[in-house]
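>>> pasted the sequence and its predicted model underneath.
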Amino acid sequence: MNAIRVHEFGDPEVLRLEEVPTPRPGPDQVLVRVHAIGVNPVETYIRAGTYAFKPALPYTPGNDGAGVVEEVGPDVNEFKPGDRVYIAGSVSGAYAEFALCRTEQVHPLPANVSFAQGAAMGTPYATAYRGLFQRAEAKPGETVLVHGASGGVGTAAVQLARSRGLRVFGTAGSDEGRKLAREQGAHEVFDHRVPDHFEQIMKATDGRGVDVIVELLANVNLGKDLTILAKGGRVAIIGSRGRVEIDPRDAMQRDVDLRGMVMPNTPPADLASIHAALVAGLQNGTLRPVTGKEFPLAEAAQAHRTVMEPGAFGKIVLRTSDK
């Protein structure tokens with residue numbers, strides 16, 4: 001099979017398309033023929049060697065994808081060949097024509113959801129769900145601000161928060177991105193390139209502040225976030241690309257909580273709960289993954305450059321087929 005392999009950490013050019021043996025499933029494993037692969041910023045950090053977790057070299061990147069079950073291992077009863085599925089994690093890596101997964105990493109993909117949409121589920125939607133509901137404990141009736149509401153995690157957070165009965169604010173840096181955030185359910189959307197957008201957000205709450213912030217770029221926003229939280233507010237820190245300076249008094253005055261997270265820390269029971277909710281959302285149509293640019297598998301390097309560009313719009317996807 002064809003797969004992307006990384007033999008050394010570095011720039012996107014280290015992503016190389018190679019022919020490798022197709023894996024075979026063992027006990028409690030599923031082999032998935034992958035049609036679409038989700039590209040996430042965290043995969044660029046791992047590829048560059050700057051992430052806390054460094055896989056053994058060589059490796060195939062990727063956690064997210066969607067396709068059809070090709071083969072199941074002994075004692076696997078949850079899936080059968082031909083089932084449409086999305087994957088959230090794999091044993092062998094997702095940037096490939098086939099991915100070997102543990103059964104708990106494989107989830108049903110309803111017929112009304114495309115493979116490209118399925119590839120947007122694993123990391124973005126699970127991250128948004130954990131940040132919103134398991135870490136920040138967002139509740140119906142509260143106001144949530146999603147920074148970067150037009151990207152993969154951002155659109156997921158907007159849809160999830162709206163479906164749970166929250167008042168949803170979003171930010172985006174382009175007219176297209178702000179339009180997308182509104183289409184996904186945001187009640188109000190702000191231009192984060194405008195210097196006074198934090199003041200605009202505070203004004204929109206009549207000076208009360210927001211209850212929850214989903215923070216995707218903490219190194220830029222966190223200091224200001226603390227000034228627009230309501231008393232008892234929470235920040236779910238999902239993404240950051242560097243250090244940030246804050247004034248602790250802003251947190252003290254409002255009794256706020258800063259709650260960091262990374263998905264590898266998620267307990268298995270919480271992870272199972274997340275994907276049960278996500279599959280239900282796909283089935284009933286409240287979750288509608290938004291896809292953006294698509295690239296052939298061989299152009300993984302270009303996909304890695306694109307996912308780090310400003311002005312995110314939906315999920316960037318690699319394709320192994322035209323399906």
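Yes, it's here. Numbers count the residues shown, from 1 in each chain.
>>> give the contact list for residue 83.
The contact partners of residue 83, by Cβ atoms under 8 Å, 6 or more residues apart in numbering, come to 68-69, 108. (C-beta placed from N, C-alpha, C; glycine too.)
>>> just the pLDDT for it.
Model confidence at residue 83, given as pLDDT, is 98.
>>> on that earlier part again, name the member of the contacts of residue 83 with the most neighbours.
Neighbour counts for the contacts of residue 83 peak at residue 69, which has 21 neighbours (criterion: other Cβ atoms under 10 Å).
>>> measure that residue to residue 77 for me?
Applying Cβ to Cβ, to the nearest Å, the value for residue 69 to residue 77 is 12 Å.
>>> quick one: residues contacting residue 292.
By Cβ under 8 Å, 6+ apart, the contact list for residue 292 reads 312-317.
>>> let me know the next secondary structure element after the helix or strand hosting it.
With secondary structure defined by DSSP states H and E, residue 292 is part of strand 291-296. Counting by DSSP H and E, the next helix or strand C-terminal to strand 291-296 is helix 300-307.
>>> tell me the angle of that next one relative to strand 291-296?
Angle of helix 300-307 versus strand 291-296, following axes from the mean of the first three to the mean of the last three Cα atoms, to 10 degrees, is 160 degrees.
>>> the helix or strand that helix 300-307 is followed by versus helix 300-307: what angle between them?
Next along the chain after helix 300-307, taking DSSP H and E as the criterion, comes strand 315-319. Interaxial angle of strand 315-319 relative to helix 300-307 (the same axes, to 10 degrees): 170 degrees.
>>> about what we covered before: which among the contacts of residue 292 end up buried?
By neighbour count, with 16 or more other Cβ atoms under 10 Å, these hold 312-317 as buried.
>>> outside of the longest helix along the chain, which residues touch it?
If you go by DSSP state H, the chain has its longest helix at helix 268-284. Helix 268-284 is contacted from outside by 88, 104, 107-110, 112-113, 121, 125-126, 129-130, 134, 159-160, 163, 266, 287, using Cβ under 8 Å, 6+ apart.
>>> could you do stretch 174-193 as well?
Contacts of stretch 174-193 (Cβ under 8 Å, 6+ apart): 146-150, 154-155, 158-159, 161-163, 167-173, 197, 200-201, 204, 288, 290, 311-314.
>>> and with 7 Å instead?
In this structure, residues lying in contact with stretch 174-193 by Cβ atoms under 7 Å, 6 or more residues apart in numbering are 147, 149-150, 155, 158-159, 162, 167-173, 197, 200-201, 204, 290, 311, 313.
>>> just the buried ones from these, in ChimeraX syntax?
Those of the contacts of stretch 174-193 that count as buried under 16+ other Cβ under 10 Å are selected in ChimeraX with:
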select :147,149,150,155,158,159,162,167,168,169,170,171,172,173,201,204,290,313
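>>> filter the contacts of stretch 174-193 down to the ones in helices?
Reading helices off those with DSSP H, I get 155, 158-159, 162, 197, 200-201, 204.
>>> just give me the closest of these to residue 18.
Nearest to residue 18 among those: residue 155, at 32.9 Å, using Cβ to Cβ.
>>> give the contact list for the closest one.
Contacts here follow Cβ under 7 Å, 6+ apart; on that basis residue 155 touches 149, 180, 184, 290, 314.
>>> redo those as JSON lines? Include distance to residue 280 and pLDDT.
Formatted as JSON lines, the contacts of residue 155 follow (distance: Cβ to Cβ, whole Å; pLDDT from 0 to 100):
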{"residue": "149", "distance to residue 280": "23", "pLDDT": "93"}
{"residue": "180", "distance to residue 280": "24", "pLDDT": "94"}
{"residue": "184", "distance to residue 280": "18", "pLDDT": "95"}
{"residue": "290", "distance to residue 280": "19", "pLDDT": "91"}
{"residue": "314", "distance to residue 280": "22", "pLDDT": "78"}
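>>> residue 148 contacts residue 215, doesn't it?
No - with contact defined as Cβ atoms under 7 Å, residue 148 does not count as touching residue 215 (8.8 Å).
>>> can you give me the strands in the stretch 1-150 of the chain?
2-6, 15-19, 29-38, 64-72, 84-88, 98-102, 106-108, 143-146 (DSSP state E, counting those that start in this stretch).
>>> what stretches of this structure score poorly on pLDDT?
Scanning the chain for pLDDT under 70 picks out the ranges 312, 322-323.
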